[in-house]
Every structure is written in C-alpha cells, then in structure tokens.
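Novice: Predicted model follows, preceded by the sequence.
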Amino acid sequence: MEETGRERKAAGPPPWAPTKSTVFRSYAAAVVGDRAEAPSARGNGVAARSSNLRAVRKRPIVARLTRDIVQTFEKCNPEFNYVDSLNPKHFLTSPAVPVHNDGLDNANSDLILYVNLELVNKKSDRRYIVEEMLGQGTFGQVAKCWDAETNSYVAVKVIKNQPAFYQQAIMEVSLLSMLNDKFDPDDQHHIVRMLDFFPWKNHLCITFEMLGHNLYELLKKNNLRGLQLQFVRTFSRQILDALIVMKGAGIIHCDLKPENILITPKVNSAAGVKVIDFGSACMEGKTIYSYIQSRYYRSPEVLLGYPYTTAIDMWSFGCIVAELYIGLPLFPGASEYDVLSRMIEIVGGQPPDDLLREAKNTRKFFKHVGSIYPGNEAHDGLCSSYRVLTEDEVEARDSKKPKIGKWYFPRGRLDRLIFAYPWKNLNEGNLPETEKEDCLALVDFLRGLVEFDPNKRWSPLQASYHPFITGEAFTGPYEPFRETPVIPVGRAATVDHNPGGGHWLAAGLSPQVVSMFSHASIK
Ligand SMILES: Nc1ncnc2c1ncn2[C@@H]1O[C@H](COP(=O)(O)OP(=O)(O)OP(=O)(O)O)[C@@H](O)[C@H]1O
C-alpha cells in the first residue's frame, strides 16, 4: 500500500512523478511547534541570500559603501586587476559537487548554479544573471535572475540534464505557449507567462515572469491559521478562471496544489494569484501516466487507477480551497490508504460502484462484499458491493501496517470542520448570520468539488456560478446548470457561436473566455 519504488515502477510512473511529499512533515513539524525545523515543502533550504553586488543594490547603506568597489580598488592600486574567475563562487545548488557534464552538473544532474552565473539564450544573446534560488523541485531548479535586457527580474527554471526531464519540459513549454498565446493572449486568466526558453550547457531553461510567494508559504506565514474568507473567495475565483481556460484547451494540470499557486505582484492593491508548473500537465484524452498528482491533492480516480479527465484538477482545487480556509491540508494522509480513509471519513460516502468495478487498484483499498454495504446510501439511497478495507485487513495482506498520519484538526465531516474552524467548539448556532451564510455557502461549494464521482463533480464553469464565488446570497444547495460535453477548444476547429454569453458575463468572466465555451448550454 505504501509508495515504494517498486510500486511506482510497476505503475509505469514518469520520472517526474511526485516523490513522497515532504509537505506533511513540514506541516506536522509546524503544528507540533517545531516550525523552525520544518523543512520547506519545496526543499529550498539552500536558498541563500546573495552577497553579490547586484543584491547589494537592495540595501542602501551597503550599496553606498560598496558602489564601484572594483574601480575604487583600481584607483587605490593601479596594479589591482579584478578577475572574475578568482572570485569565490557563492553556490546556490545543493550539492554543489561537480559530477556530470564536464563538471557543470552535480550527482542529481542539476546544473550547479552560483550567484552571477550567466544563462544565455545563444539565439537572441539574451542573458539571465543568476541571483538566488527560488525553489528546487523534481524537474530541476528555479532561480531568480536579472534580465539585463529588460532590467527586470525573471524566474528561470533550469531543467535537469536527463532526457526524460528534457522531454517533459518540452511538453511544459508547448502546453504553456498554447495557453499563453492562444487562450490567454492578454494575460487575464491567472496563468503564469512564459517569456523565453533555450538550451544552456545541455539543460533546457524556461524563463517565466517573476511572481511572489506560493500559497503554502503564505499559509505558513500566517502560522497555518487559514485566510480570511474574502481572500479564499478571491483566490478561488481566480484559480477557477485559470481552470476554465485549461479545460477549454483540454489541458489537465495534474499537479495542482498550494505550492503551484503563486501570488502576483499587487496591481491597484488587489490581491491576485497565478497557476504555475505545467511540468506534469497533459492533454485530456492523451493521458499516459497513472502515478500523478501530489498525494494530499490526489483525486479518488487517480488513487484507484481509473481513467481520468480535467475533473482531477477540480478535486485538487477543492482540497486547496478547504486548505486556504482551515490552514491545513484536508487529506494529509501518510499513505494512499490513509488519504482514501480520510476522504471517506470527511466527505462521507465512497466512490460509486461502477468506478470501483472498473478501476485497476480497487482491490488495494476495497473488499467486494455483495450489495450490502451502506456505501453511498446516505447520498443516493443505494447500498454498495464494496467495503473499504480496515487497517487490520491491509496489514494482514501486506504484512505491514499501512502508514497512518496524525489528525491535526477535529475528526468529522466537512460541514462540521468548516463550522468548527478555528476549532473553538463553535457550532452553527453560535455564528453571526452573515458568517453562517458564508460557511454554508463554502460547505456547499466544497461539496461539489470533493465529489467522489468524477462525472458528478462540478466543472470549473459550473463551479464559477456558485454563490460562494459570485457573492450572491446563499439560499440553498446549488444546482449547477447542465453542461453538454465540450470539445476542448484546443482540438475544436472553430468557435462559432456564443449561447448564453450575456449570462456568463454576469459571472465575471471575460468575453474572451465566454466565447471559448460556446459548446455549453445553460438550462
Ligand atoms: N515564476 C515564478 N516566480 C517565482 N517563483 C517561482 C516561479 N516559478 C516557480 N517558482 C518557485 O519555484 C518552486 C518550484 O517551481 P516548479 O513547481 O515550477 O518546479 P518543479 O521542479 O516542477 O517542482 P515540483 O517538483 O515540486 O513540481 C515553486 O513552488 C515556487 O516557489
């Protein structure tokens, strides 16, 4: 049941499939008061403050004292000759021991980055000067660089020097160029902008606009206490906007999580976010890998090995919305079994029988018992033929206990959880009317996202009409309009008409996005 290397291999995982998440350790350490030692989810412990001259610019006193320091030395001593190569390097990559690629790469095939290293697009002669590390991930490293041509900072992702990573990075480049150029030419839909890409010393480098902290970092800064509802709403609306565009393009992100949603520099003092990291993305209908998504945000159909669609991103999105509100991941399972057990306990019910019948991994988690198990009875009045395995049954089968993580919030159903937050033993009755309505709307919103059945789970467009998003009064459970199957615009030949466009505009969608979804009908 655990994610052993052998199991990953058997499932035909891509080399970039998420490794055991360190996020949980990070949260756990933080929650038990060991925040100082909590490793960053992105392992950017090597990120160092640069001491180079460019960085010095940011500190005015030091800047004044050291400005033109080389020229000053030269004036004092005509013999003085500054040689860049003798300057001790301030390494940003860890480990920085040269192993491969003529000593340019470390043992992990990462280019050894140091302050002031130049990454050059030889075709355009555009130079990016490395300043500090922003993050180290599965694919490679992301460094903050100075773009001398535009006099601005950019984020450069330096992909590992290995063919599989290179190939998948090419996919990232092609999907993102399609999203940027064709689906979001005016940069209105909260998707990161790719600015450039080029090979450098056998590494593919992808340049992005420079964004701010990711949402996990934001929650950490807030002591994992969750955000005010207005920010949860604003961020949710913007992420949905990006998801609408992605679904229209037929692109599944496959790794939506707080670390991949970055805060944008404030425009008119308005808070904003953008979706990043299309390094695991694929086209709908061309799904190759079964081992995808980070564990806490992994959808039931991916856990169970069932064919997946853009609906898996909506599951992850639901997990993110809940996490933004409560400050902690909704399903921080230590193993896939633990994640699924938490889903069943928090959401209530279980995946539908037809999914369990067809999924490849059902036997890892469920026992076939005949039509007697309550299963989804509370939802659809039907008994299930499948019962989830107990921990003892898993242990007896695997000869080891399944890994089960701690619970950092009160156990119970989603509605109780939202109403009880911030765990002050509140119940619905204690809340002021306005907050109660907000909470009811949030619970109802989440209900449509963390829905076990991918066919019933709301699409991004359907979710975008929920009162939690539109800000309309919440008067009762939301019934989404019926959406006819959409041929993703990425594959459709033309977009010819726009039924119900006016209505969609009322939901705050731009005419451009509305025009992309001319295939949906509003009932
Ligand atoms: N445009 C950007 N601006 C600022 N920081 C960025 C940018 N892009 C990435 N980062 C930082 O680098 C981290 C890693 O980026 P990204 O997720 O693209 O790399 P990755 O190798 O695919 O990571 P993972 O293996 O975790 O999926 C992000 O969480 C973020 O903190």
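Specialist: That came through, no problem.

Novice: Three-state assignment for the residue nearest to Leu117 when sequence neighbours are not counted, please.
Specialist: Nearest residue to Leu117, sequence neighbours excluded (CB to CB, 6 or more residues apart in numbering): Val130, at 4.4 Å. (Each C-beta comes from the backbone N, C-alpha and C, glycine too.) The three-state assignment at Val130 reads strand, by DSSP: H, G, I helix; E, B strand; the rest coil.

Novice: Now do the contacts for Val130.
Specialist: 92, 113-119, 143-145, 156 (CB atoms under 8 Å, 6 or more residues apart in numbering).

Novice: Apply the buried test to those and list what passes.
Specialist: Neighbour-count burial (16 or more other CB atoms under 10 Å) is assigned, among these, to 92, 113-117, 119, 143-145, 156.

Novice: Would you mind putting the residues you listed into JSON lines with distance to Asn101, pLDDT and secondary structure alongside?
Specialist: Formatted as JSON lines, those follow (distance: CB to CB, whole Å; pLDDT from 0 to 100; DSSP: H, G, I helix; E, B strand; the rest coil):
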{"residue": "Leu92", "distance to Asn101": "17", "pLDDT": "98", "secondary structure": "coil"}
{"residue": "Leu113", "distance to Asn101": "13", "pLDDT": "98", "secondary structure": "coil"}
{"residue": "Tyr114", "distance to Asn101": "15", "pLDDT": "97", "secondary structure": "strand"}
{"residue": "Val115", "distance to Asn101": "20", "pLDDT": "97", "secondary structure": "coil"}
{"residue": "Asn116", "distance to Asn101": "20", "pLDDT": "96", "secondary structure": "coil"}
{"residue": "Leu117", "distance to Asn101": "14", "pLDDT": "97", "secondary structure": "coil"}
{"residue": "Leu119", "distance to Asn101": "14", "pLDDT": "98", "secondary structure": "strand"}
{"residue": "Ala143", "distance to Asn101": "17", "pLDDT": "98", "secondary structure": "strand"}
{"residue": "Lys144", "distance to Asn101": "23", "pLDDT": "98", "secondary structure": "strand"}
{"residue": "Cys145", "distance to Asn101": "20", "pLDDT": "98", "secondary structure": "strand"}
{"residue": "Val156", "distance to Asn101": "18", "pLDDT": "98", "secondary structure": "strand"}
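
Novice: Closest one to Pro477 out of these, please.
Specialist: Lys144 (45.8 Å; CB to CB).

Novice: correct me, but that closest one touches Ile129?
Specialist: No. At 10.0 Å, Lys144 does not count as touching Ile129 under the criterion of CB atoms under 8 Å.

Novice: For the residue nearest to Leu117, give the beta-bridge partners.
Specialist: Beta bridges link Val130 to Cys145 when assigned by DSSP bridges.

Novice: and the protein, which of its residues are near the ligand?
Specialist: Contact residues (CB under 6 Å from any ligand atom) of the chain with the ligand: 42, 134-135, 137-140, 142, 155, 157, 192, 208-211, 214, 255, 259-260, 262, 276-277, 279.

Novice: among those residues, which are in helices?
Specialist: Per DSSP state H, helices hold no members of the residues of the chain next to the ligand.

Novice: In strands, which of the residues you listed fall?
Specialist: The members of the residues of the chain next to the ligand that map onto strands under DSSP state E are 134-135, 140, 142, 155, 157, 208-209, 262.

Novice: top of those by neighbour count?
Specialist: Neighbour counts for those, by other CB atoms under 10 Å, peak at Gly140, which reaches 30 neighbours.

Novice: is it true that that one touches Leu113?
Specialist: No. Under the criterion of CB under 8 Å, Gly140 is not in contact with Leu113, lying 9.9 Å apart.

Novice: Pick out the residue of the stretch 51-200 of the chain closest to the ligand.
Specialist: Of the residues in the stretch 51-200 of the chain, the one nearest the ligand is Gly137, at a distance of 2.1 Å by CB to the nearest ligand atom.

Novice: Phi first, then psi, for that residue.
Specialist: Main-chain torsions, Gly137, degrees, to the nearest 10: phi -130, psi -170.

Novice: which stretches of this structure have low pLDDT?
Specialist: 1-67, 84-85, 267-269, 371-373, 375-382, 423-431, 485-523 (pLDDT under 70).

Novice: where along it do the strands fall?
Specialist: For the chain, strands defined by DSSP E occupy the ranges 118-121, 126-136, 140-147, 152-159, 194-200, 203-209, 251-252, 261-263, 273-275, 282-283, 366-373, 384-388.

Novice: do you know which of the ones you listed lies nearest Pro98?
Specialist: Taking CB to CB, strand 203-209 is the member of the strands of the chain nearest to Pro98, at 14.3 Å.

Novice: joint contacts of Gly140 and Leu113?
Specialist: Contact criterion CB under 8 Å, 6+ apart; residues shared by Gly140 and Leu113: Val158.

Novice: wait, Phe468 sits on Arg447?
Specialist: No. Contact criterion CB under 8 Å: Phe468 and Arg447 do not qualify, at 10.6 Å.

Novice: neighbour count winner among the two?
Specialist: Set Phe468 next to Arg447 and count neighbours by other CB under 10 Å: Phe468 wins out with 25 against 18.

Novice: re the thing from before, of the buried ones among the contacts of Val130, which is the nearest to Leu219?
Specialist: Among those, and counting by CB to CB, the member closest to Leu219 is Lys144, at 21.8 Å.

Novice: From Lys89, how far off is the closest one?
Specialist: The gap separating Lys144 from Lys89 is 17 Å, by CB to CB, to the nearest Å.

Novice: got it, and Met194?
Specialist: 29 Å.

Novice: dump the residue contacts of Tyr306.
Specialist: Contacts here follow CB under 8 Å, 6+ apart; on that basis Tyr306 touches 355, 358-360, 454.

Novice: how about a cut-off of 7 Å?
Specialist: 355, 358-359 (CB atoms under 7 Å, 6 or more residues apart in numbering).

Novice: same question, Phe235
Specialist: Phe235 neighbours (CB under 7 Å, 6+ apart): 273, 324.
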